[in-house]
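Chemist: Pasting the sequence and the predicted coordinates here, then a few questions.
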Amino acid sequence: MALRLLVASRNAKKLAELRRVLDAEGIVGIEPVGLDEVPEFPEEPEDGATFGENALIKARSGARATGLACLADDSGLTVDALNGMPGVLSARWVGSHGDDAANNALLLGQLTDVPDDRRGAAFVSACALVWPGGAPGPGFTSGPDGAEIVTEGRWPGSVLRAPRGEGGFGYDPLFLPEGSDRAAAELTAAEKDAASHRGRALRALAPALRVLAEQA
Ligand SMILES: O=P(O)(O)OP(=O)(O)OP(=O)(O)OC[C@H]1O[C@@H](n2cnc3c(O)ncnc32)[C@H](O)[C@@H]1O
Ligand SMILES: [Mg+2]
């Protein structure tokens, strides 16, 4: 029987990306389930100082509430000219949560006077996997809600001067990946997954997911 893995995100587009990369990795014996398929549980504030801390907050609370192995991503855009911000505040840069258009407009405004050679930025994703009852073993350490592992992926690039493209979500229309002549929002889903911070973090987690699938 396949092991049920809770993929804990309230962001539908992020969730779709996580599911897509999991699918592409072809890990046999894991069945991803969404938050809408488990009984509701209270959300904990994402108040960590780093992406890794926040990813663990989400994955630990999902695992604790459901008893299922739980995967969570915490991610954002770090902009050099803003000393790494919006960073962990990316989803709520305007103050309220999850308004992509307003976040993008604010970021563009903040960078109006920043010249092209200082518009460097990177997307960062931390993916955390928490396994209740799991043994610390290859890659896993012991945490309060089970064995756990955190991986990180980075996608370097720069911030454009105007939005481009309709794909992806969040800051994708403003992000020009290094070596690309198209914005992240102009890439196909497969192109984004191959290069993105989330794709990289999740692929780094694949060996641990295979261990989990085998021992279930
Ligand atoms: O916490 P969950 O429920 O997973 O959903 P969320 O949208 O709140 O996710 P985060 O707390 O990790 O915040 C991530 C924000 O960073 C931005 N972001 C992350 N990954 C991105 C990507 O691939 N493309 C564009 N923007 C991204 C976007 O604004 C997200 O809302
Ligand atoms: Mg969030």
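Modeler: Good, I have the coordinates. Numbering: from 1, shown residues only. Ligands and ions are numbered 1, 2, ... in the order given.

Chemist: longest single helix anywhere in this protein?
Modeler: In the chain, assigned by DSSP state H, the helix with the most residues is helix 197-215.

Chemist: could you say what helices and strands it packs with?
Modeler: strand 3-7, helix 12-25, strand 30-33, strand 69-79, strand 120-131, strand 146-159 (3 or more CB pairs under 8 Å, 6 or more residues apart in numbering; DSSP states H and E). Backbone N, C-alpha and C define where each C-beta goes, glycine included.

Chemist: quick check: mean pLDDT across the first one?
Modeler: Strand 3-7 comes out with an average pLDDT of 96.

Chemist: so what strands line up beside that strand?
Modeler: Sheet pairing for strand 3-7, assigned by DSSP bridges, gives strand 30-33 (parallel), strand 69-79 (parallel).

Chemist: For that strand, which residues meet the burial criterion?
Modeler: Buried residues in strand 3-7, defined by neighbour count with 16 or more other CB atoms under 10 Å: Leu3, Arg4, Leu5, Leu6, Val7.

Chemist: Just list what the host helix or strand of Asn54 packs against, helices and strands only.
Modeler: Using DSSP states H and E, Asn54 sits within helix 51-66. Here helix 51-66 touches strand 3-7, strand 69-79, strand 120-131, strand 146-159, going by 3+ CB pairs under 8 Å, 6+ apart.

Chemist: how far does it sit from the chain's center?
Modeler: 13 Å (CA atoms, centre = their mean, to the nearest Å).

Chemist: got the CA coordinates for that helix in CSV?
Modeler: Coordinates of each C-alpha in helix 51-66 appear next as CSV, following Å, rounded to 0.1, in the frame of the first residue of the first chain:
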residue,chain,number,x,y,z
PHE,A,51,13.1,29.6,5.0
GLY,A,52,14.3,26.4,6.7
GLU,A,53,12.8,27.3,10.0
ASN,A,54,9.5,28.2,8.4
ALA,A,55,9.4,25.0,6.3
LEU,A,56,10.0,23.0,9.5
ILE,A,57,7.2,24.9,11.3
LYS,A,58,4.8,23.9,8.6
ALA,A,59,5.9,20.3,8.1
ARG,A,60,6.1,19.6,11.9
SER,A,61,2.6,21.0,12.5
GLY,A,62,1.1,19.0,9.6
ALA,A,63,2.8,15.8,10.8
ARG,A,64,1.8,16.4,14.4
ALA,A,65,-1.9,17.1,13.5
THR,A,66,-2.3,14.2,11.1
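
Chemist: How about the contacts made by the residue nearest in space to the middle of the chain?
Modeler: Geometric centre of the chain, nearest residue: Asp73, 3.6 Å, by CA atoms, centre = their mean. Contacts here follow CB atoms under 8 Å, 6 or more residues apart in numbering; on that basis Asp73 touches Ser9, Lys14, Leu18, Ala55, Lys58, Ser125, Ala126, Cys127, Ala128, Arg198, Ala201, Leu202.

Chemist: want to throw the helices and strands packed on helix 197-215 into a markdown table with distance to ligand 1?
Modeler: Compiled in a markdown table, the helices and strands packed on helix 197-215 are given as follows (distance: least, CB to the nearest ligand atom, whole Å):
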| stretch | distance to ligand 1 |
| --- | --- |
| strand 3-7 | 9 |
| helix 12-25 | 5 |
| strand 30-33 | 14 |
| strand 69-79 | 4 |
| strand 120-131 | 6 |
| strand 146-159 | 8 |
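
Chemist: This completes my enquiry, with thanks.
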